[in-house]
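>>> Just the structure for this:
(one chain, ligands or ions: 1)
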Amino acid sequence: MDSRKSRCWASDLGGCDSMSGEHIISNAVFRHGCSCPLIVKGVSRIRMGEPTYGAEKSNILCRQHNSMLSPLDSTVGKLAKFQSDACDESFNETLYLEGELLERWILKTVVNSGVAGWTGSTKFRPSAEVVKAIFGITPLPERIGLYIVEGVDPNLRPSGGVSFFPIHLLANREMLLAGAYVSVHGMTFLGAFHDDLASILEGGAVPDLMNRFSSKGLKHIFRPGCLFMERKRGEALYVGLSWNGFLRFSDGTKAPFPRKKCES
Ligand SMILES: [Zn+2]
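Have a look, this model is predicted:
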C-alpha cells in the first residue's frame, strides 16, 4: 500500500486517493463575519496556549474522503453565517439545520485535531465505529456524539473565532482522547466519543471545567432540538436542529425536515 495514502484517517473505508491538505477546522466557519482574525485557541502544541491565526491545514484526509465530508463543512458554514447575521439587531430569522450533520462535523473536527497532533504528544487514531459514523455509514450509539453546553465560552472574543478544549481520560494506563469542547463563535459543543463522558465531566472529573462555561455549573444536553442565542442587542434567536428527520417544538409538535418539495 502507498504510504502516502495510508495517512488518511478514513483509510479503513477504502477508496483513498491523494492527500488533500484538509483544513483542521473548516474554513467555512471563518468565511462569514466581521473580517475577524482567524483564531483557534486551546491547541496544546502551541506554546503558552497562544492563539494561532488561520485555519491550519494538515495532510490527514485524502481528497476523496475530504470531499465526501463537504456537507458537514457547509452545515457549520450556515451556522457561522447565521451567527454573523445576528450581529445586526434587526435580523430576526430562525435557522434550521440537520442535527446529524452538525454532530458529524463536531466529531470530524475533534478527530482532525487529534490526528493532526493538536491534542497531545501522541497522535490519535479514531476507531472504525467513529469513522463510519462521521461518514454517515452507521448511526452513533446513544449518548455518543453532540452535546450543547450551557453558558458561554470564556475565550469568546467580540470578533469571534473557534476554541478547542480536548478531554483525555485514563483507560488501560493510557490517556486517551475521549472528546473535546469545540466553541464556534462562542457557542460551545461537546463532541463525545464515550457514552459516559458528559456525566463523568458533570461529576467533577475535570475541576477546572465546573465553572468554565457557567457559574451555575457544568451542564450538557445531548442532541438538543434547539440552540438559543442570546444577543446583547435584539431578541434571542434560535437554531432548530432536526434529529432522525424531524424538528421538535416546545409545544410537543414535530415537523419533517428538510421539508419535501411538492411532488406534482
Ligand atoms: Zn481516504
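>>> Determine the three-state secondary structure at residue 189.
Three-state assignment for residue 189 (DSSP: H, G, I helix; E, B strand; the rest coil): strand.
>>> For it, which residues are in contact?
102, 106, 146, 147, 148, 149, 181, 182, 183 (C-beta atoms under 8 Å, 6 or more residues apart in numbering). Just so you know, the C-beta spots here come from the backbone N, C-alpha and C atoms, and that holds for glycine as well.
>>> Just grab the bridge partners of it for me.
On the basis of DSSP bridges, residue 189 is bridged to residue 148, residue 182.
>>> Return the distance of it relative to residue 150.
Separation of residue 189 from residue 150 (C-beta to C-beta, to the nearest Å): 12 Å.
>>> Also residue 247?
Distance from residue 247 to residue 150, counting by C-beta to C-beta: 21 Å.
>>> Equivalent analysis for residue 64, please.
As judged by C-beta to C-beta, residue 64 and residue 150 stand 38 Å apart.
>>> got a list of contacts for stretch 138-152?
Here stretch 138-152 makes contact (C-beta under 8 Å, 6+ apart) with 99, 102-103, 106-107, 129, 132-133, 181, 186-196, 198, 212-214, 216, 218-224, 227.
>>> Ok, stretch 207-217 next?
149, 150, 151, 152, 153, 154, 188, 201, 202, 204, 218.
>>> again, only this time at 7 Å
With contact meaning C-beta atoms under 7 Å, 6 or more residues apart in numbering, stretch 207-217 is reached by 149, 150, 151, 152, 153, 154, 188, 201, 204, 218.
>>> send the alpha carbons of stretch 59-69 over as PDB?
Provided in PDB are the C-alpha atoms of stretch 59-69 (Å, rounded to 0.1, in the frame of the first residue of the first chain):
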ATOM      1  CA  ASN A  59      -2.400  16.100   5.400                       C
ATOM      2  CA  ILE A  60      -4.800  13.900   7.400                       C
ATOM      3  CA  LEU A  61      -7.500  13.000   4.800                       C
ATOM      4  CA  CYS A  62      -7.400  12.100   1.200                       C
ATOM      5  CA  ARG A  63      -9.200  14.200  -1.400                       C
ATOM      6  CA  GLN A  64     -12.000  11.600  -1.900                       C
ATOM      7  CA  HIS A  65     -12.800  11.300   1.800                       C
ATOM      8  CA  ASN A  66     -12.400  15.000   2.300                       C
ATOM      9  CA  SER A  67     -14.900  15.800  -0.400                       C
ATOM     10  CA  MET A  68     -17.400  13.300   1.000                       C
ATOM     11  CA  LEU A  69     -17.500  15.400   4.100                       C
END
